[in-house]
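> Quick one, structure for this:
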Amino acid sequence: MSAMAPTALIAEDEPLLARGLARTLAKLWPGLQVRAIVHDGVAAIDAAHQHLPDILFMDIQMPERNGLDAVEDIVDGWPADRAAPLIVFVTAFDRFAIDAFERAAVDYVLKPVETERLGLTCERLQSRLMEREGGGQVNDTSALAPLHALRLAITTHEPPLAMIQAGIGSTLHMIATADIHYFEADNKYVRVVTHDRSMLIRTPLRELMPRLDTRQFTQIHRGIVVCTALIDKVVREDAGRIYLHLKGRSERLTVSRSYAHLFKPM
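Next comes the predicted model:
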């Protein structure tokens, strides 16, 4: 582990729970420095980019931005030459979501937080930090995604959408999901792009994602979801930016850092 003390940020919308978590961490891991305690998702993003902590303890349901969206913003804005933060979700969601939590983060802790369970989390984090010092991947973000898998696990399941309804004036256009090349967030709307047309819908992408067939679509950015079968090539530029090209299309679509691990050579 680095000679410098590891640092952490706590994002929890209940101040009493946040302070309680900080006190318990101080007992279990005296060397851990909690740089900031914040109570909403936007403040978490700002504080994370300001302090660049080694570890984020993130609540899921918070005002302004939920913990999942906040984590994506944090990672996307993280310096490319600095190890991505280790994520621990602190959540009230029951165990039906545990498999997804384990895919989306280094660890999870269920509320109310039990000291013994948090102790195991600290041990896991210490081990990961030691692995990094031993030559682990600085830019490895594979533990941070797919966050949409977690969204699916904590969302009421409904059959995947077969049709998208786009209203223009007094006319309702029906778009088969099988014909969609990609979705792209566009301010308060989502742009639905097919081979020969582009239409706007009012449903936010975060609400649309749980209704899409994950075998048919792949999220590559917080604001972009593409048809998996149409992915042609992924280009990584010298600056570290990653772009994706779809078959038969000229535009390039940005792959955010949170989803870069999906496109590694086999």
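
> State the distance from the residue of the chain positioned farthest from its centre to V34.
Farthest-out residue of the chain from its mean C-alpha position, per CA atoms, centre = their mean: S170, at 36.9 Å. Distance of S170 to V34, computed by CB to CB, to the nearest Å: 56 Å. The way it works is simple: take the backbone N, C-alpha and C, and place the C-beta from them, glycine included.

> can you check I74 too?
16 Å.

> neighbour-wise, which of the two wins?
More neighbours sit around I74 than around the other of I74 and V34, counting by other CB atoms under 10 Å; the figures are 28 against 20.

> Can you read off the backbone torsions of that one?
With angles defined as degrees, to the nearest 10, I74 shows backbone torsions of phi -60, psi -50.

> wait, what's in contact with the nearest residue to I168 once chain neighbours are set aside?
Of all residues not flanking I168 in the chain, M199 sits nearest, at 7.0 Å (CB to CB, 6 or more residues apart in numbering). Neighbouring residues of M199 by CB atoms under 8 Å, 6 or more residues apart in numbering: 166, 168, 173, 175, 191-192.

> from the chain's centre, how far out does the host helix or strand of M199 sit?
Using DSSP states H and E, M199 falls within strand 198-201. Distance of strand 198-201 from the chain centroid (CA atoms, centre = their mean, to the nearest Å) equals 25 Å.

> Within the sheet, what are the partner strands of that strand, with directions?
strand 189-194 (antiparallel) (DSSP bridges).

> can you give me how far the strand it pairs with is from the chain middle?
For strand 189-194, the distance to the chain centre is 21 Å (CA atoms, centre = their mean).

> With only the CA atoms kept, save it in PDB.
Provided in PDB are the C-alpha atoms of strand 189-194 (Å, rounded to 0.1, in the frame of the first residue of the first chain):
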ATOM      1  CA  TYR A 189     -35.300  14.100 -24.800                       C
ATOM      2  CA  VAL A 190     -33.800  10.900 -26.200                       C
ATOM      3  CA  ARG A 191     -33.000  10.700 -29.900                       C
ATOM      4  CA  VAL A 192     -34.000   7.300 -31.500                       C
ATOM      5  CA  VAL A 193     -32.000   6.600 -34.600                       C
ATOM      6  CA  THR A 194     -32.900   4.100 -37.300                       C
END
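
> which residues touch that strand?
Residues contacting strand 189-194 (CB under 8 Å, 6+ apart): 164, 166, 175, 179-185, 198-205, 208.

> low pLDDT regions in the stretch 151-266 of the chain?
Filtered on pLDDT under 70, the stretch 151-266 of the chain yields the residue ranges 151-158, 239, 266.

> could you pull out the strands for it?
163-168, 171-176, 180-186, 189-194, 198-201, 217-221, 224-227, 231-236, 242-246, 252-255 (DSSP state E, counting those that start in this stretch).

> Ok, the stretch 1-150 of the chain next?
7-11, 33-38, 55-59, 86-91, 107-110.

> Any chance of the ones you listed in TSV with mean pLDDT and distance to L25 as columns?
Shown next, in TSV, are those (pLDDT from 0 to 100; distance: least, CB to CB, whole Å):
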stretch	mean pLDDT	distance to L25
strand 7-11	98	7
strand 33-38	97	7
strand 55-59	95	8
strand 86-91	90	10
strand 107-110	85	11
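
> for the ones you listed, which one ends up most surrounded?
strand 55-59 (a mean of 27; mean count of other CB atoms under 10 Å).

> can you dump the C-alpha coordinates of that one into PDB?
Output of strand 55-59 as PDB, limited to C-alpha atoms (Å, rounded to 0.1, in the frame of the first residue of the first chain):
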ATOM      1  CA  ILE A  55     -12.600   4.900  -2.200                       C
ATOM      2  CA  LEU A  56     -16.200   6.000  -2.600                       C
ATOM      3  CA  PHE A  57     -18.900   4.900  -0.200                       C
ATOM      4  CA  MET A  58     -22.000   5.600  -2.200                       C
ATOM      5  CA  ASP A  59     -25.700   5.500  -1.200                       C
END
